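K.L.:
A predicted structure for the sequence below; I have some questions about it.
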Amino acid sequence: MRDLRGPKAGSGPKPISSLQNERIKAIRALDMRKVRRETGLFVAEGASVLISAQEAGWKPETLLYEPSGGQSPAVRGLIELALKADSEVLEVTPAVLGKVASKDNPQAILGVFKQRWSVAPQAERIAEDGLWLVLEDVRDPGNLGTIIRTVDAVGASGVILVGNCCDPYGRECIRATMGSVFAVPLVRMTREAFLMWRADWAGDVVGLHLSATQDFRDAKYRGPVLVVMGSEGPGLSDDLAAACSRTVKIPMAGDLDSLNLAVATALTLYEIRRPHLSL
């Protein structure tokens with residue numbers, strides 16, 4: 001596998017106009033999950049997302065931009081910061097940008113970053129008002145990205161991905177987080193490892209389940225709270241449902257019996273965090 005990180009930037013941006021340039025091929029290859037897994041790198045697009053990364057203390061390995069459309073002060077600032085940080089900075093043509101940017105709503109600037117994976121928190125060190133979210137076998141990257149953004153919005157502590165989840169560092173998921181991926185700790189665990197870790201959890205372990213009889217708004221949650229959400233369609237596995245200290249349900253008046261996973265997760269997290277949220 002070729003090195004996708006490239007050389008250091010040197011004194012200024014490196015111009016690239018060839019579609020066959022090896023650096024461009026390497027960045028484009030990060031669209032593949034296999035390559036992201038092998039390299040530990042991922043791509044984030046857009047000035048606002050890259051500003052979120054910078055504010056959260058992330059430094060790009062590579063910054064790529066296309067200057068012909070004019071540069072906003074935000075983009076110029078990102079380029080200057082990347083050069084000061086000794087990141088690789090590539091100035092490309094519109095044709096080259098079209099090869100590496102997303103096809104839907106492409107951005108004129110993107111960054112390549114190292115992935116960050118956190119370890120599961122020690123249960124005895126979690127504050128009584130702490131809130132972590134567990135996602136089992138989530139398959140839709142748009143849902144996952146939206147959920148990560150919601151976790152950031154409510155001030156929850158992080159996300160634990162259990163089982164065969166989609167890649168949070170894929171381009172569609174990164175776009176859906178709107179930059180929150182740089183602020184929310186991500187943990188990945190097997191079911192077996194999660195069940196062993198959960199045994200030490202001091203507070204409630206709350207699962208949303210169709211067979212539950214308690215309204216999620218009526219429950220008195222005992223902190224710290226671990227919210228467990230199942231995959232789109234099947235919901236929680238029997239093993240994880242059995243590991244919950246309580247199961248709750250979102251009431252619905254229509255004919256459907258379930259909500260979109262990202263919507264259901266948002267309702268639950270906001271309800272649990274309601275005492276801690278104010279304008």
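P.N.:
All right, it came through fine.

K.L.:
which stretches of the protein form helices?
P.N.:
Per DSSP state H, the chain carries helices over the ranges 22-29, 33-39, 47-55, 73-84, 94-100, 141-154, 171-177, 191-198, 238-242, 261-273.

K.L.:
What distance do you get for residue 250 to residue 141?
P.N.:
Taking CB to CB, to the nearest Å as the measure, residue 250 falls 23 Å from residue 141. For the C-beta atoms, the positions are set from N, CA and C on the backbone; glycine is no exception.

K.L.:
Which among the helices of the chain is found nearest to residue 210?
P.N.:
helix 238-242 (10.2 Å; CB to CB).

K.L.:
by contact count, what packs against the closest one?
P.N.:
Under the contact criterion of 3 or more CB pairs under 8 Å, 6 or more residues apart in numbering; DSSP states H and E, helix 238-242 touches helix 191-198.

K.L.:
any idea of the mean pLDDT for the helix it packs on?
P.N.:
Throughout helix 191-198, pLDDT has a mean value of 96.

K.L.:
got the buried residues for that helix?
P.N.:
191, 194, 197, 198 (16 or more other CB atoms under 10 Å).

K.L.:
Just put the residues you listed in TSV and tack on distance to residue 14.
P.N.:
Shown next, in TSV, are the buried residues of helix 191-198 (distance: CB to CB, whole Å):
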residue	distance to residue 14
191	46
194	44
197	45
198	49
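
K.L.:
what number of residues lie near residue 190?
P.N.:
Around residue 190 sit 11 other residues, with neighbours defined as other CB atoms under 10 Å.

K.L.:
and if you look at residue 79?
P.N.:
Neighbours around residue 79, by other CB under 10 Å: 20.

K.L.:
With respect to residue 121, which of the buried residues of helix 191-198 is nearest?
P.N.:
residue 197 (9.1 Å).

K.L.:
which residue sits closest to the closest one, ignoring its sequence neighbours?
P.N.:
The shortest distance from residue 197 to any non-neighbouring residue, by CB to CB, 6 or more residues apart in numbering, is to residue 120 (5.2 Å).

K.L.:
tell me the phi and psi of that neighbour?
P.N.:
When read as degrees, to the nearest 10, the backbone of residue 120 gives phi -60, psi 140.

K.L.:
Now do the same contact list for it.
P.N.:
Counting by CB atoms under 8 Å, 6 or more residues apart in numbering, residue 120 makes contact with 160, 187, 189, 193, 197.

K.L.:
and if you look at residue 79?
P.N.:
13, 63, 65, 71, 89.

K.L.:
what's the distance between it and residue 164?
P.N.:
39 Å.

K.L.:
now swap in residue 51 and tell me
P.N.:
Relative to residue 164, and taking CB to CB, residue 51 is found at 33 Å.

K.L.:
Which one's more surrounded, the two?
P.N.:
Ranked by neighbour count (other CB under 10 Å), residue 51 and residue 164 place residue 51 first, with 17 against 12.

K.L.:
one step back: out of the helices of the chain, nearest to residue 183?
P.N.:
Using CB to CB, the helices of the chain put helix 141-154 closest to residue 183, at 5.2 Å.

K.L.:
Distance from the closest one to the middle of the chain?
P.N.:
7 Å (CA atoms, centre = their mean, to the nearest Å).

K.L.:
before we move on, what about stretch 82-101?
P.N.:
23 Å.

K.L.:
For it, buried residues please.
P.N.:
82-83, 87-93, 96-97, 100-101.

K.L.:
Got the phi and psi for residue 167?
P.N.:
phi -80, psi 120.

K.L.:
neighbours around it, how many?
P.N.:
So residue 167, with other CB under 10 Å, has 17 neighbours.

K.L.:
go on, residue 63?
P.N.:
With other CB under 10 Å as criterion, residue 63 counts 26.

K.L.:
Which residue is the nearest non-sequential neighbour of it?
P.N.:
Per CB to CB, 6+ apart, closest to residue 63 is residue 82, 4.1 Å.

K.L.:
just checking, that neighbour touches residue 61?
P.N.:
No: here residue 82 lies out of contact with residue 61, judged by CB atoms under 8 Å, at a distance of 9.7 Å.

K.L.:
Now the common contact residues for those two.
P.N.:
Joint contacts of residue 82 and residue 61 (CB under 8 Å, 6+ apart) are residue 111.
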